[in-house]
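In: Starting from these lines, generate the structure:
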Amino acid sequence: MATRDGFQPCVMDTGVPTPMPFWERNLVLVALLVHVVDVGLDIVVVLLFLSHAQWGFFFGTAGVILWAWLVSSLYISFGGGAPTSGDIDGDVGMSERLPGFFLNFVQVQIFTEAYRCIFNNGDTDYFHTLRLMEAILESAPNSLVQLYALVIWASSKGDGDPAVPEGAAPLLRLSVLSSFVSVGLGLAMWEQKVQFRTSAWYVAAVAVMRAFEIAARSATLAVFAGLTHPYGFFWSLFIDYGVMLFLIVRHQSVQFTYGLFVALPLVLVSLEPLVWRRDDHAVPKDSYYLVRIIEFVLMWTVIIRNQDAVEVDDLGANAVLGCEVLALLSMLGLFVTLPFVWRVARQHELSRDVADWAEDGAKDAMNDGLYTDSEGSSDGSPRHDGGDDELPPE
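Out: This next block holds a predicted model:
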């Protein structure tokens, strides 16, 4: 059963919990499959770099994977709730937390949460959070590292490099594609869970838009880094991190210590759901995408100038051209889909009275760390004073 605009009813409408819609069950199943494929391909790529002594790419890709698994495992064990009661402030011993840490580190917890969602009609917050963390901490940075490897190694014709295996380039392309899908789907599912009402088509539209966003960003950075090798890659990321940190400090929506962490994934993709108010974003979407447009123009100015000076054939002309086409088409796709998604997000935002909880509720949730909608939906009456139609914060 659905309400207006195709959005699903919720406990606020009916007074009782509603079963998970069929499309949402399928979405969880698809997301689990994408997760398995993306993580599996990343591991295969790590072994590829190891077997051919590409130490820079090996340590880069492996470091990203270990970092993502470590952060998500620590969140599961110490930040996301106790194994039994879900109360992070409860008296839970280390012996009870460690099993959850290791289960998540070896990628078992994601299957457990998916099973609960699909077969036990369980809460999907935990599953969506795990998918979000894999998307922004592993898929997004590895898409850039692997595109960079595709440009300067897998498709290169240099004389000093070890022999490049024939299947290296197709493997990297497939892994990058799965990363794009993972990022788009992970951010779209988070967009879904921070709302009480959402529709399948809106989630699909956000997933496509987000996939375009990460594809445009990673492809542009890969070409720019390839043509300014070896220092362009690190300087571009370092400068962008500084810009993101400046925007976070200026906006003052989150604490500085949290901003130091959240600025890392913001270098590649915008994190917050589009339905959130501007004041609740670490970096407002208008400022974020304005910076991306300026950087896109500046990097493409350098790309066009350096393309004649650098021996593109040594980098792999086909790979460079492919990344350039991908970057341009993805940027076009992003700014074609963004206005439509933005319009729907603003309509949904305006239908919610957030004036009473904006200053204390939303910002406190952002400052405390990663968002989970279970806090907002189960907190009770103190956050909404206006009436029955007023929804509490996520």
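In: starting at the chain centroid, how far to the helix or strand where residue 345 lies?
Out: Using DSSP states H and E, residue 345 maps to helix 317-350. The chain centroid and the centroid of helix 317-350 are separated by 15 Å, computed with C-alpha atoms, centre = their mean, to the nearest Å.
In: again, but for stretch 166-179
Out: 20 Å.
In: any residues touching it, and which ones?
Out: By C-beta atoms under 8 Å, 6 or more residues apart in numbering, the residues outside stretch 166-179 that reach it are 34, 37-38, 41-42, 44-45, 48, 52, 139-140, 142-143, 146-147, 149-150, 153-155, 214, 218, 319. Using the backbone N, CA and C atoms, a C-beta is placed for each residue, glycine as well.
In: ranges for the helices of the stretch 51-200 of the chain?
Out: For the stretch 51-200 of the chain, the helices defined by DSSP state H, counting those that start in this stretch occupy 55-74, 94-105, 109-119, 125-134, 140-149, 168-193, 200-227.
In: With mean pLDDT added, can I get the ones you listed in a markdown table?
Out: Converted to a markdown table, the helices of the stretch 51-200 of the chain look like this (pLDDT from 0 to 100):
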| stretch | mean pLDDT |
| --- | --- |
| helix 55-74 | 94 |
| helix 94-105 | 81 |
| helix 109-119 | 88 |
| helix 125-134 | 89 |
| helix 140-149 | 96 |
| helix 168-193 | 95 |
| helix 200-227 | 95 |
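In: Please identify which of the ones you listed is closest to residue 281.
Out: Residue 281 sits nearest to helix 168-193 of all the helices of the stretch 51-200 of the chain, at 13.1 Å, using C-beta to C-beta.
In: Report the angle between the closest one and helix 317-350.
Out: 0 degrees (axes from the mean of the first three to the mean of the last three C-alpha atoms, to 10 degrees).
In: Make 708 the first number, not 1, from now on.
Out: Sure, I'll start counting at 708 from here, so that last one is helix 875-900.
In: now the angle between helix 907-934 and helix 875-900, please.
Out: Using the same axes, to 10 degrees, helix 875-900 lies at 140 degrees relative to helix 907-934.
In: neighbours around residue 727, how many?
Out: Per other C-beta atoms under 10 Å, the neighbour tally for residue 727 reads 18.
In: Tell me which helix or strand it sits in.
Out: Going by DSSP H and E, residue 727 is not in any helix or strand.
In: if you skip the residues just before and after it, what's nearest to it?
Out: Of all residues not flanking residue 727 in the chain, residue 828 sits nearest, at 5.5 Å (C-beta to C-beta, 6 or more residues apart in numbering).
In: Tell me, how many residues neighbour the one you found?
Out: Neighbours of residue 828 (other C-beta under 10 Å): 13.
In: can you pull the pLDDT of it?
Out: pLDDT, residue 828: 74.
In: and the residue most central in space within the chain, what is it in contact with?
Out: Centroid-nearest residue in the chain, with C-alpha atoms, centre = their mean: residue 843, separated by 3.3 Å. Listed by C-beta under 8 Å, 6+ apart, the contact partners of residue 843 are 890, 893-894, 972, 975-976, 978.
In: just residue 847 next, same as before
Out: 886, 890, 921, 925, 972, 975-976.
In: what do you get for residue 825?
Out: Here residue 825 is in contact with 732, 735-736 (C-beta under 8 Å, 6+ apart).
In: By neighbours, which of those residues wins?
Out: Busiest of the contacts of residue 825 [other C-beta under 10 Å] is residue 735, holding 21 neighbours.
In: Count residues in the vicinity of the residue nearest to it when sequence neighbours are not counted, would you?
Out: Closest residue in space to residue 735, ignoring its immediate chain neighbours: residue 824 at 4.8 Å, by C-beta to C-beta, 6+ apart. Each residue near residue 824 was counted by other C-beta under 10 Å, and the total is 24.
In: And residue 824, how close does it get to residue 838?
Out: Using C-beta to C-beta, to the nearest Å, one gets 11 Å for the distance from residue 824 to residue 838.
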